[in-house]
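J.: Sequence below, structure please.
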Amino acid sequence: MAERSPLIYLRGYAGPPSGVDKQVDDPFYGLNSGATHIRVDGDGAPRFYQFEGPLLRLMIDEDYELLVRGDQHAYLEAQDDGTVPAESVWVFRFYDYAASTFGTSVTASPEEFDLEKAAERLYDFVQLVRRKTGAAKVHLVAHSMGGLVARCMIQKVSHTADPNAGTPRVPGADLVDKFFTYGTPHGGISFDVGGGLVDWAMETFGPAGSAMFAPDRMYTYLTPGASDGEEPPAGWQPQDIPESAFDVRRMFCLVGTNAADYGLVEKAVGPRSDGLVHIDNAYVHQAHRAYVHRSHSGRYGLVNSEEGYQNLRRFLFGTYQVRVDLCRLALRRPPGDAETVWQAEARLAVRGLPVILHEQSAAHYCPVQLNQEAAQHTDADGRVAPVPLATAFLLDPEHARARSQEQSPNRARYTLALRVFHLVERSGRFFWEDHLEQVADWEDTLIVDVGHPDQAPDNGLHVWAGWNSEVAGEVDRVDPIKRDPCSLTAEDGALHTDIPLPGPALPLLGTESCLRLTVSRVR
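T.: The predicted structure follows:
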């Protein structure tokens, strides 16, 4: 098994002082809340399904330890360097300093929460965990504002001299192995109503420092040397992380698409959100991401969901990364002056799991906008570069089988369901005369196996792939999908193969269009 890194969890925004006091009374800052939901059985009756909290699941699934011992920080300080297990989980309790429930045990009086000060303390805590465990790096797992605290540490604090010692700090890229965020407002928080008044009120009178979520204010705590009130330069984007600060390929952003479960705030934020954070603001550019139909927090929130946990586990501990791109796209254009809007829906499922790991759909306000993607990925010669559709992280089949998941010798399987449909616009309005709502122009499911040939684990990595429309019988019983694996080409340390699209898709997406699978071993 590859060397493991300690995990540090960071919670999100707690609100006014009463909210802070409520959260610090929870030993795990709410990050171990479980959930229940129902599924419908063969008789149409709802059935109970129980999800344990993510901290407990890591202990069960990955043999991590949760070392509290009354006070995790005091426990760490008391241990000899290099003696604490690296396979351990820690909760960074940055709100304790702003709580009134501890009297003078932490500070003489509660502090007003300050994001940069929290990031400074996170840097010190990461260094403490590294020193006591002997681990080279840590994993950071953050909900909501916790992701901004982590980014402040990675992008600014770690690139600023230590004010006490006057010496350079360790760069964030040398501290953090992988970085996972649940519903973090990487692009800030904005509102769909109020003509800008809600944004102004939130920034000026926001409770307990909620102005930190205003996009223009993010420049201060994400940029080395920036000071309060300094205007960002033209073109600066909060969703960009400089390559010199951190490799965004080691980052995963979970994006929620269910605004309805979050409450009244959704009325101001709008439906294209998780109830608090807009879909388009919930990820870092070029980082891995998945869309799931969960709300920002609460009973049906991102953190206490099976979808969130399974994406987290596979990103941190997966053996393979499989990326799917749509290549040589050439969208069909209608006659006349009407504009055709082409959209795709993508749904990713992994064998052995009871949930969908990624879902972009029109019903959830986040389909793949093929026209926009084609325009963004077109070069000067008019050629469309590959359009990314989805990325999956797969556990080692032997490891997963030992945990009673993804049962198959030497292989991990996933499916990517695709639907392509169009809308017609004239003069900026949808034209419904010939429209068939919810009817796809083409749909099919790609079935992919990744692993080794049966009984030959040392015979190299192989990929088998086929379309559901081309195989007979139940999808989960088709094994192997094809007698021979796909032809793989090695490039940049990864394996590539092109999967032709079924015939009915070609008139819509281009006669030479295909899906490209890129498979790489990440552990």
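
J.: any chance you could map the helices in the stretch 1-150 of the chain?
T.: Assigned by DSSP state H, counting those that start in this stretch, the stretch 1-150 of the chain shows helices spanning 17-24, 54-62, 72-78, 115-133, 145-155.

J.: Repeat that for the chain.
T.: 17-24, 54-62, 72-78, 115-133, 145-155, 197-205, 218-222, 265-269, 306-317, 370-376, 397-402, 506-509 (DSSP state H).

J.: tell me, which of those is the model least confident about?
T.: Note on the helices of the chain: helix 197-205 shows the lowest mean pLDDT, a mean of 44.

J.: about what we covered before: pick the most buried one from the helices of the stretch 1-150 of the chain.
T.: Ranked by mean neighbour count, the helices of the stretch 1-150 of the chain are led by helix 145-155 with a mean of 26 (mean count of other Cβ atoms under 10 Å). Glycine gets a C-beta too; all of them are placed from N, C-alpha and C.

J.: Could you spell out the sheet neighbours of the longest strand along the chain, each with its direction?
T.: The residue-count maximum for a strand in the chain (DSSP state E) belongs to strand 411-426. Strand 411-426 pairs in its sheet with strand 339-350 (antiparallel), strand 429-430 (antiparallel), strand 442-451 (antiparallel), by DSSP bridges.

J.: Deepest in the core, which of the ones you listed is it.
T.: Of all the strands paired with strand 411-426, strand 442-451 has the most neighbours on average by mean count of other Cβ under 10 Å, namely a mean of 22.

J.: mind checking how far it is from the chain centre?
T.: In this view, strand 442-451 has its centroid 22 Å away from the chain centroid, taken as Cα atoms, centre = their mean, to the nearest Å.

J.: just to revisit the earlier point, can you say which of the helices of the chain is nearest to residue 327?
T.: helix 506-509 (9.9 Å; Cβ to Cβ).

J.: That closest one packs against which elements?
T.: strand 411-426 (3 or more Cβ pairs under 8 Å, 6 or more residues apart in numbering; DSSP states H and E).

J.: buried ones in the strand it packs on?
T.: Buried residues in strand 411-426, counted by 16 or more other Cβ atoms under 10 Å: 411-422, 424.

J.: now those residues as TSV including pLDDT and distance to residue 296?
T.: Shown next, in TSV, are the buried residues of strand 411-426 (pLDDT from 0 to 100; distance: Cβ to Cβ, whole Å):
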residue	pLDDT	distance to residue 296
411	79	36
412	85	31
413	88	32
414	92	27
415	94	28
416	96	26
417	97	26
418	97	28
419	97	27
420	96	30
421	92	29
422	89	32
424	83	35
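
J.: now those residues as CSV including distance to residue 180?
T.: As requested, the buried residues of strand 411-426 are arranged in CSV below (distance: Cβ to Cβ, whole Å):
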residue, distance to residue 180
411, 26
412, 20
413, 23
414, 19
415, 23
416, 22
417, 25
418, 26
419, 28
420, 31
421, 32
422, 35
424, 40
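
J.: Of these, just say which sits nearest to residue 493.
T.: Among the buried residues of strand 411-426, and counting by Cβ to Cβ, the member closest to residue 493 is residue 412, at 19.3 Å.

J.: What sits closest to the closest one if chain neighbours are left out?
T.: For residue 412, ignoring the flanking residues on the chain, the nearest one in space by Cβ to Cβ, 6 or more residues apart in numbering is residue 394 at 3.9 Å.

J.: in this protein, what secondary structure element scores lowest on mean pLDDT?
T.: helix 197-205 (a mean of 44; mean pLDDT, DSSP states H and E).

J.: what's the neighbour count on residue 142?
T.: Other residues within reach of residue 142, judged by other Cβ atoms under 10 Å, total 26.

J.: Can you pull out the residues in contact with stretch 463-473?
T.: The contact list for stretch 463-473, computed with Cβ atoms under 8 Å, 6 or more residues apart in numbering, reads 411, 415, 444-450, 475, 478, 480-482, 485-486, 488, 495, 497, 499, 502, 517, 519.

J.: quick one, what contacts residue 109?
T.: Applying Cβ under 8 Å, 6+ apart, no residues contact residue 109.

J.: one step back: can you redo the strands paired with strand 411-426 as TSV with distance to residue 100 and mean pLDDT?
T.: Shown next, in TSV, are these (distance: least, Cβ to Cβ, whole Å; pLDDT from 0 to 100):
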stretch	distance to residue 100	mean pLDDT
strand 339-350	45	92
strand 429-430	54	75
strand 442-451	52	92
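
J.: export these to a markdown table and tack on distance to residue 219?
T.: Listed next are those as a markdown table, based on distance: least, Cβ to Cβ, whole Å:
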| stretch | distance to residue 219 |
| --- | --- |
| strand 339-350 | 33 |
| strand 429-430 | 38 |
| strand 442-451 | 41 |
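
J.: closest to residue 121 out of the ones you listed?
T.: strand 339-350 (36.9 Å).

J.: Taking helix 306-317 as reference, get the angle to the closest one.
T.: Interaxial angle, strand 339-350 versus helix 306-317 (axes from the mean of the first three to the mean of the last three Cα atoms, to 10 degrees): 70 degrees.

J.: my guess is residue 135 meets residue 5, correct?
T.: Yes - applying Cβ atoms under 8 Å, one finds residue 135 in contact with residue 5, separated by 5.4 Å.

J.: Common neighbours of those two, please.
T.: With Cβ under 8 Å, 6+ apart as the test, residue 135 and residue 5 both reach residue 86.

J.: Need the per-residue pLDDT for residue 403.
T.: 53.

J.: Equivalent analysis for the one 4 residues further on, please.
T.: At residue 407 the predicted local confidence, pLDDT, stands at 49.

J.: Okay, residue 385 and residue 461: tell me how far apart.
T.: Residue 385 sits 25 Å away from residue 461, going by Cβ to Cβ, to the nearest Å.

J.: wait, I meant residue 186
T.: Relative to residue 461, and taking Cβ to Cβ, residue 186 is found at 33 Å.

J.: higher neighbour count, these two?
T.: Between residue 186 and residue 461, counted using other Cβ under 10 Å, the more crowded position is residue 186 (28 against 16).

J.: for that one, what are its contacts?
T.: 147-148, 151, 238-239, 253, 281-284.

J.: how about 6 Å then?
T.: By Cβ atoms under 6 Å, 6 or more residues apart in numbering, the contact list for residue 186 reads 239, 284.

J.: again with residue 7
T.: By Cβ under 6 Å, 6+ apart, residue 7 lies in contact with 89, 139, 141.
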